[in-house]
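Visitor: mind looking at a prediction? Sequence and model below.
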Amino acid sequence: MAVNPINSIDTNSFSISQIDFSENKKNESIAGAFGEFLNNAMNEISELERQSSYIAEEFAAGRTDNIHQVMIAAQKVDIALQFTMQIRNKILDAYNEIMRIQI
């Protein structure tokens, strides 16, 4: 098996001045995107909870007799809340792990 040598590196095509030092802007946009995602998730959970409460009140008042719909709505809220809490827990674990890193 033949090993091919490395050809000369073209230093003209790369220079220090071409490096993009806008890492802070990228981090801010990522943090903003994550904050927006988290805010949207909380709004969705709030809306699911509102719908579940409305359906449960309708059932309690006797305006509907579909217990399946009431239980499905309650389970949707429960699953969405558990999912969001697990995401929060993972984020806190990652943050704590980063804080333990010694520089």
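Guide: All right, it came through fine.
Visitor: C-alpha only now, for contacts and for neighbours.
Guide: Will do.
Visitor: mean confidence for the host helix or strand of residue 96?
Guide: Assigned by DSSP states H and E, residue 96 falls within helix 67-100. Helix 67-100 carries an average pLDDT of 91.
Visitor: what helices and strands are in contact with it?
Guide: Applying 3 or more CA pairs under 8 Å, 6 or more residues apart in numbering; DSSP states H and E, one finds that helix 67-100 contacts helix 23-61.
Visitor: what's the helix it packs on packed up against?
Guide: Checked by 3+ CA pairs under 8 Å, 6+ apart, helix 23-61 has helix 67-100 packed alongside it.
Visitor: can you check what angle separates the helix it packs on from helix 23-61?
Guide: 150 degrees (axes from the mean of the first three to the mean of the last three CA atoms, to 10 degrees).
Visitor: next, count neighbours for residue 80.
Guide: Residues within reach of residue 80, counting by other CA atoms under 10 Å, total 18.
Visitor: just give me the neighbour total for the closest residue to it other than its chain neighbours.
Guide: The spatially closest residue to residue 80, leaving aside those adjacent along the chain, is residue 45, at 6.4 Å (CA to CA, 6 or more residues apart in numbering). Per other CA under 10 Å, the neighbour tally for residue 45 reads 19.
Visitor: quick one: contacts for residue 45?
Guide: 77, 80, 81 (CA atoms under 8 Å, 6 or more residues apart in numbering).
Visitor: where's it relative to residue 83, distance?
Guide: According to CA to CA, to the nearest Å, residue 45 and residue 83 sit 10 Å apart.
Visitor: ditto for residue 37
Guide: 14 Å.
Visitor: and for residue 43?
Guide: Residue 43 is 14 Å from residue 83, by CA to CA.
Visitor: one more: residue 73?
Guide: 15 Å.
Visitor: comparing these two, which residue is more hemmed in?
Guide: A direct count of neighbours by other CA under 10 Å for residue 73 and residue 83 places residue 73 higher, at 20 against 12.
Visitor: so who does the closest residue to the more buried one other than its chain neighbours touch?
Guide: For residue 73, ignoring the flanking residues on the chain, the nearest one in space by CA to CA, 6+ apart is residue 52 at 5.0 Å. With contact set as CA under 8 Å, 6+ apart, residue 52 has these partners: 70, 73, 74, 77.
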